[in-house]
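S.K.: Sequence first, then the predicted structure:
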Amino acid sequence: MKHYSSIKPTESELEILCVLWELQKATVRMVHEALSLNKSCGYTTTLKLMQIMHEKKLVKRDDSAKSHVYEAVVSKEQTQQNLVSNMIQRLFSGSGSQLALQALGSQKPSPEEIDMIEKLLSTLKANQK
């Protein structure tokens, strides 16, 4: 069995995971309807992707009822951490600070986000002492 860290969800799989993280459990129909709000996609495509995700152990499926109910196996936080770590290694030569500088330079953070960033920086500085 593959460890999740070696599995990299595709963009379409990430979209499905986002729906499942929000809904916690959902049928293919429910996921398809949520995805259809933002883009055009066929029901059978959604079904096939979710079947593949089940094979990859990204989701689990309860098939005790007529409509199969899916649930994400991987957490949102772990997925974000794995994808960001991979991006830092591949695009920023392992430098998290370069990623942060790029992200902050390309988007205008809200006052709340600035407060969160300042708190994180204070914590990091305190831990270095």
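M.R.: Structure's in. What do you need? Numbering: from 1, shown residues only.
S.K.: Please count neighbours and contacts with C-alpha atoms only from this point.
M.R.: Fine.
S.K.: quick one, domains of this protein?
M.R.: 4-72, 103-129 (automatic domain parsing).
S.K.: Can you flag the weakest of the ones you listed by average pLDDT?
M.R.: Mean pLDDT values for the domains of the chain show the minimum at domain 103-129, a mean of 88.
S.K.: So what's the gap between it and the chain middle?
M.R.: Computed by Cα atoms, centre = their mean, to the nearest Å, the chain-centroid distance of domain 103-129 equals 22 Å.
S.K.: ditto for stretch 77-89
M.R.: Remark: stretch 77-89 is offset 9 Å from the chain centroid, using Cα atoms, centre = their mean.
S.K.: cool, stretch 67-80 as well?
M.R.: 9 Å.
S.K.: can you pull out the helices in this protein?
M.R.: Taking DSSP state H as the criterion, the chain contains helices spanning 11-23, 28-36, 43-55, 76-91, 96-106, 111-128.
S.K.: Of those helices, which is nearest Lys66?
M.R.: For Lys66, the closest of the helices of the chain is helix 28-36, at 11.8 Å, according to Cα to Cα.
S.K.: That closest one relative to helix 11-23, how many degrees between them?
M.R.: 110 degrees (axes from the mean of the first three to the mean of the last three Cα atoms, to 10 degrees).
S.K.: Helix 28-36 vs helix 43-55, what angle?
M.R.: Inter-element angle recorded for helix 28-36 and helix 43-55: 110 degrees (by the same axes, to 10 degrees).
S.K.: in helix 28-36, what's buried?
M.R.: 28-29, 31-32, 34-35 (16 or more other Cα atoms under 10 Å).
S.K.: Just the residues contacting that helix, thanks.
M.R.: 15-16, 19-20, 41-43, 46-47, 50, 68-70 (Cα atoms under 8 Å, 6 or more residues apart in numbering).
S.K.: and Ser67, what does it touch?
M.R.: Thr27.
S.K.: Tell me the spacing between it and Val28.
M.R.: As judged by Cα to Cα, to the nearest Å, Ser67 and Val28 stand 8 Å apart.
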